[in-house]
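Visitor: any chance you can model this:
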Amino acid sequence: MNVWEDETARNAVVATGRTRLILAGFLAEACVSFSALSALAEGFDVFVVEDACGGLTLASHDLALRRLEQAGARLTSWIQVLLEFQRGWTRHATYEEARAIAVANGGGYGMGLAYAREMIHPA
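Guide: The predicted structure follows:
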């Protein structure tokens, strides 16, 4: 339930030299929480992708996220992670992939991107 207790996994993360982690997973109450709390205890900067985590109930999910936030984790959303990686729509190397994800999953924002593309670059 705590990937941080798996020596091979933990060592692989530590070996990257990076100190910022982005976590998501199916049981916010256990797998995500335990890993995040362990990483926080070792000084890592932990971001938990709230809407990419599941929970047994809405209440237990929310309580787990509140606990993580109180412990120092930062909550974020999948769209915010995507857009931070993309940084701007003028980054051509990842434009098509990022746009496709946003269009397929981004609700009104994705619809707006699709509309803007059709207006700017009509077929």
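Visitor: CA atoms for contacts and neighbours, from now on please.
Guide: Will do.
Visitor: can you report how many residues lie near G88?
Guide: For G88, the neighbour count with other CA atoms under 10 Å is 11.
Visitor: wait, a strand at R66?
Guide: No - R66: not assigned to a strand; according to DSSP: H, G, I helix; E, B strand; the rest coil it is helix.
Visitor: model confidence for it, exactly?
Guide: At R66, the pLDDT value in this model is 97.
Visitor: L65 contacts D51, doesn't it?
Guide: No - applying CA atoms under 8 Å, one finds L65 not in contact with D51, separated by 10.7 Å.
Visitor: more crowded one of these two?
Guide: Taking other CA under 10 Å, L65 and D51 do not tie; L65 has more neighbours (23 against 13).
Visitor: excluding sequence neighbours, find me the nearest residue to D45.
Guide: Spatial nearest neighbour of D45, excluding adjacent residues (CA to CA, 6 or more residues apart in numbering): R20 at 4.6 Å.
Visitor: which residues does that neighbour contact?
Guide: F44, D45, V46, F47 (CA atoms under 8 Å, 6 or more residues apart in numbering).
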